[in-house]
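Asker: Structure for the following, please:
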Amino acid sequence: MSRFQHDQSRRAFLRRTGQLALAGTAAPFLTTLSAIGDAAAATATDYKALVCVYLAGGNDYANTVVPYDQASYNAYWAARANIGLQRDALANTLLTPRTGLDGGRQYALAPTMGGLASLFADGKAAVVLNLGTLVQPTTKAQYQQNSVKLPPKLFSHNDQTSYFQASSPEGATSGWGGRMGDLFMSGNGASTLTCVNTSGNAVFLAGKQAVQYAVGTGGPVALLNNAKSLYGSSTAATTLRTLMTAQSTQMFANEHARVSKRALDTYATLSSALGAAPASGFPLFPSNNSLADQLRMVARMITASQTLGIRRQVFFVSIGGFDMHDLLMAQHPTLIGKVSDAMKAFYDTTVAMGVAQQVTSFTASDFGRTLQSNDDGSDHGWGSHHFVMGGAVAGQRFYGRAPVVGNNTADDVGQGRLLPAVSVDQYAATLASWFGVGAGDMRTVLPNIGNYDSSTWNLGFV
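Answerer: Residues are numbered from 1 along each chain as shown. Below is the predicted model of the structure:
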């Protein structure tokens, strides 16, 4: 085999390993054995982190960012009187932006979202209105006439999750978070820790070279459970590790040994670094909140970044349960309240750490939901409202355009499903620009961004 063929085979193996990491049951093993390539196109001298907060299942936009001006609220209530929030309960979470919306439009957050409401008021959080998956700018007439490309399999959980995270339907092998990681990983002392997932696995963090590293809420996932003995024998455990990491004349075995050694070394390095940032040192996070537990882990890793020589990191955290076809009023207030509490605690922690300006968090979800109720829930939709949070965020503002509330409006494609006015690509490009991705690399990270006028790539929220 020639050197060129060997290199090509090796790279193909790495790519397939990343693809296999998307397969669910193999994820903890494969993501811990992060096989990192050696190409990167950007450098950085400071530290920055992006944190994707994923609301799995499709968050109900209308009971999260709620129409408050009287005319819009009346239309909201007419569509969902049985699952709507009472207007007088929204007064404490009314959002007062620096610049008012056209037509006197107003929004309030769900009553359980006091944390994010206070961050908005303090200028540390912003709301992006009617954001969703698109291939190119699309009008309602174009949608109805099917005259432009649309994201495939709209309203499908799997495909729209993938399209939001990767600009490609289910089966995608890289996401825009991972592709950003590709550009910066060579500048990180511990390149394996460029893309970090605290919730298992997500295509969002898979790159062409970068492969996400999985950690639990208590720290890195140990290969072989970090066992010191095997069948009661320390010699057997040592022998197994030697076999796993020994070089071989066989390409597959040699590659397996290389990534096994990297996994063992990374575990030891990260565990040591995190030892200086124990969970007990991060007291602001609420208990009984799985998202808060994940964000505490992110905060600990950010604290360890200087020790590890890391300058750019992309994190993914998630919380499920948002596919509420039923029991919306019984479950959604508590769930979205946990999101708000966890994000507020995380921001306050970055302030205490002195890195608030260097950490930007943002929400994402499969899709929004219908404005029209289906009895005591809502069905799969399209556009939704999202939050961006951090010290660098130009907050206390709305970005995008407030959609007309109701059915059969210019912004509605059926049952109050919003036709997105802002694309995920524009949202991602704004975040990528802050992160340090140059205009010349933007199409590599976001293959559809060229379908938008370059003057609209940066929405200005950070």
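
Asker: secondary structure class for T266?
Answerer: Secondary structure assignment for T266 (DSSP: H, G, I helix; E, B strand; the rest coil): helix.

Asker: With adjacent residues omitted, what lies nearest to T303?
Answerer: Once flanking residues are discounted, T303 sits nearest to A277: 4.2 Å by Cβ to Cβ, 6 or more residues apart in numbering. Just so you know, the C-beta spots here come from the backbone N, C-alpha and C atoms, and that holds for glycine as well.

Asker: If I follow the layout properly, the one you found ends up in contact with R296?
Answerer: No: using Cβ atoms under 8 Å, A277 makes no contact with R296, being 10.0 Å away.

Asker: quick one: which of the two has more around it?
Answerer: A direct count of neighbours by other Cβ atoms under 10 Å for A277 and R296 places R296 higher, at 25 against 18.

Asker: How about the contacts made by the more buried one?
Answerer: T217, A279, F282, F285, F346, T349 (Cβ atoms under 8 Å, 6 or more residues apart in numbering).

Asker: any idea how far P111 is from the spatially most central residue of the chain?
Answerer: Residue closest to the average C-alpha location in the chain (Cα atoms, centre = their mean): C52, at 2.5 Å. Using Cβ to Cβ, to the nearest Å, we find C52 at a distance of 26 Å from P111.

Asker: Same check on P278?
Answerer: Taken as Cβ to Cβ, the span from P278 to P111 is 35 Å.

Asker: out of the two, which sits in the busier spot?
Answerer: Set side by side, P278 and P111 show more neighbours around P111, with 18 against 10, by other Cβ under 10 Å.

Asker: check contacts around the more buried one.
Answerer: L85, A89, L90, N92, T93, P333.

Asker: before we move on, what about A222?
Answerer: Y267.

Asker: what about the helices in the stretch 351-462 of the chain?
Answerer: 424-435, 442-445 (DSSP state H, counting those that start in this stretch).

Asker: packing partners for the longest one?
Answerer: Helices and strands touching helix 424-435, by 3 or more Cβ pairs under 8 Å, 6 or more residues apart in numbering; DSSP states H and E, are strand 48-55, strand 125-132, helix 176-184, strand 359-365, helix 442-445.

Asker: Between these, which one is closest to I319.
Answerer: strand 48-55 (6.4 Å; Cβ to Cβ).

Asker: how far out from the middle of the chain is the closest one?
Answerer: Counting by Cα atoms, centre = their mean, to the nearest Å, strand 48-55 is centred 5 Å from the centre of its parent chain.

Asker: That one pairs with which strands?
Answerer: strand 312-319 (parallel), strand 359-365 (parallel) (DSSP bridges).

Asker: Can you name the element that comes right after it?
Answerer: Past strand 48-55, further along toward the C-terminus, the next helix or strand under DSSP states H and E is strand 65-67.

Asker: Check which helices and strands that following strand is in contact with.
Answerer: Using 3+ Cβ pairs under 8 Å, 6+ apart, strand 65-67 sits against helix 70-79, strand 107-109.

Asker: partners of that strand in the sheet?
Answerer: strand 107-109 (antiparallel).
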